[in-house]
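> Here is my input; please provide its structure:
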Amino acid sequence: MPPTPSRRTAVQGLAAAGAAVIGFDPFTRSWAATGEGAGRPLAGLPRLDGSVHRDDAALTRAADDFGHIVHRRPLAVLRPGSVRDIVAMVRFCNRHGLSVAPRGQGHATQGQAQVDGGLVVETGPLADIGPVRRGARTVTVGAGATWSQVVQATLAHGLTPPTFTDYLELSVGGTLSVGGVGGQTHRQGAQVDNVRELQVVTGAGELVRCSPTEHPDLFHAVLGGLGQCAIIVAATLRLVPAPQAVRHYLLPYTDLGTFLDDQRRLVQEGRFDYVEGQVTANPDGVFDGYLIEAVAYGPPVGPAPDDAVLLRGLRHDPAGVQASDLPYYAFLDRLAASVAALKAAGLWAYAHPWLNLWLPGRSAAGLAASLLEDLTPADLGPGVVLLYPVLRENLHAPLLRTPDDPVPYLLAVLRTTPPDDTATVDRLLAANRAAYETVRAAGGTHYPVGSVPFTRADWQEHFGPAWRRLASARHTYDPRGVLVPGQGIF
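Predicted coordinates:
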């Protein structure tokens, strides 16, 4: 018989302490010693090209993520040697009543890709990058490939994915499961809007190819669907011509309304290929400094950037403008040095109770002012605040939920705080929830890469008219509900 949740929890807790205990083991289908001290080969597993790990190091790593807030310990970790391994193990977990969660780079902030007493599937080994098809302007890549690996491969052919998150070392499968937005989104859509085809393993353990014309219900339920119906194993991505170099501008502002209005103007005119914005604190701890980050692509994508044309009519402080010319990849990977410094200082291991919200453009100024008024530098820590608009007309994935407004703004408060200060972490999570309530009341939504405590009822409201589509696909493709319980959706 499969173990009950309570029995699994008891066995798991003792195993976490490094003890070998007696409990029901679904991997051997018997009552046997489990835990770090068991030291025995597994039995009853399907034949695999890769390996299943149950050592303490593997389980501890899988019970953590970039957020360092939630810790759910699995029973085992699969490091697949092939897509066949994922098919076989998802079917195994269906038979034994075990939950399954795919893990890419582990960049979740609230345990979204963790599973208590189940199987974590590491997608990192699925990192193949297929031939770049220049005529079709596509490339098929494994879900575990990082965006840095993808763009380096495509640039050899003068092509690039259209949209990037600011941090390139995220997996393709991971960002496609949530949306994938950045400074190019106002022109090119989110990363989920630039997928031609997916290969997935459904919650029932079937390998399926899906696209807008083949199994479209599954295709649209996977993109931005938070892993609830299938595990992405490969994606065919749209490519566009890449510039050789870009001109990168930092434009300072002292007034929030002017900053937001100029951002709106830029994205509606399409004057720049990339538009984002940052909010900074003054020496008194008040967040009243604003910076537009705008990038124009040069040849062969566009003409040589002309400062007078690009900056015409904007109301920034001209004395504080910074402009630089960068190779295209250097621009995309500009955070690498900062991330390396954070890691060297130990700050990468801090807790990250992030807040990521979509604000309706019509009320963005009032909402942002209210939320920033409550923010302190101590609560932000060595993090950043991003605030920038996109064009809703270029967002097409139904599960990427944004406000019903033509120009919504993404507000990202990327907090960093010591993980052992649990009282502060709990307070910041509560503050995130309060901020979400304020934004939701104004017609805003949650971008689910952050840390906002959500109930199942919240998720149903979040997906709104798309809920029925997601629930139907879940019933069809994951009838036993084994996939990704960490999201708390079903």
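
> can we go C-alpha only for contacts and neighbour counts from here?
Will do.

> and Asp64, what is it in contact with?
If a contact means CA atoms under 8 Å, 6 or more residues apart in numbering, then Asp64 has Val70, His71, Arg72, Gly106, Gly111, Gln114 as its contacts.

> at 7 Å instead, please
The contact partners of Asp64, taken as CA atoms under 7 Å, 6 or more residues apart in numbering, are Val70, His71.

> quick one: secondary structure of it?
Look at Asp64: counting by DSSP: H, G, I helix; E, B strand; the rest coil, its state is coil.

> pLDDT score for it?
On pLDDT, Asp64 comes in at 98.

> Would you quantify the distance from it to Ser451?
Computed with CA to CA, to the nearest Å, the distance linking Asp64 and Ser451 is 14 Å.

> what does Pro327 give?
34 Å.

> and those two? which has more neighbours close in?
Neighbours around Pro327 and Ser451, counted as other CA atoms under 10 Å, are more numerous at Ser451. The numbers are 25 against 14.

> Now for His396, how many residues are close by?
By the other CA under 10 Å criterion, the neighbourhood of His396 contains 15 residues.

> so it sits right up against Asp193, yeah?
Yes - at 6.0 Å, His396 and Asp193 qualify as touching, with contact defined as CA atoms under 7 Å.

> So for the chain, which residue is the most central one in space?
Thr175 (4.3 Å; CA atoms, centre = their mean).

> just for the stretch 151-300 of the chain, where's the confidence low?
Within the stretch 151-300 of the chain, no stretch has pLDDT under 70.

> just the strands in it please.
Here the stretch 151-300 of the chain has its strands, by DSSP state E, counting those that start in this stretch, at 159-160, 195-202, 207-210, 230-238, 240-241, 245-253, 274-281, 287-297.

> would you turn the ones you listed into TSV with mean neighbour count?
TSV is the format used below for the strands of the stretch 151-300 of the chain (neighbours: other CA atoms under 10 Å):
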stretch	mean neighbour count
strand 159-160	24
strand 195-202	24
strand 207-210	18
strand 230-238	25
strand 240-241	18
strand 245-253	22
strand 274-281	21
strand 287-297	22
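
> could I get those strands as a markdown table with distance to Thr146?
What follows is these, written out as a markdown table (distance: least, CA to CA, whole Å):
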| stretch | distance to Thr146 |
| --- | --- |
| strand 159-160 | 14 |
| strand 195-202 | 15 |
| strand 207-210 | 21 |
| strand 230-238 | 12 |
| strand 240-241 | 18 |
| strand 245-253 | 22 |
| strand 274-281 | 21 |
| strand 287-297 | 23 |
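
> Domains of this structure: list them as residue ranges, please.
By the assignment in automatic domain parsing, the chain contains the domains 5-122, 138-241+468-487, 245-454.

> Show me which of these has the highest average neighbour count.
Mean neighbour count (mean count of other CA atoms under 10 Å) peaks for domain 138-241+468-487 among the domains of the chain, with a mean of 22.

> Endpoints of that domain, how far apart?
As for domain 138-241+468-487, its first-to-last residue distance stands at 31 Å under the measure CA to CA.
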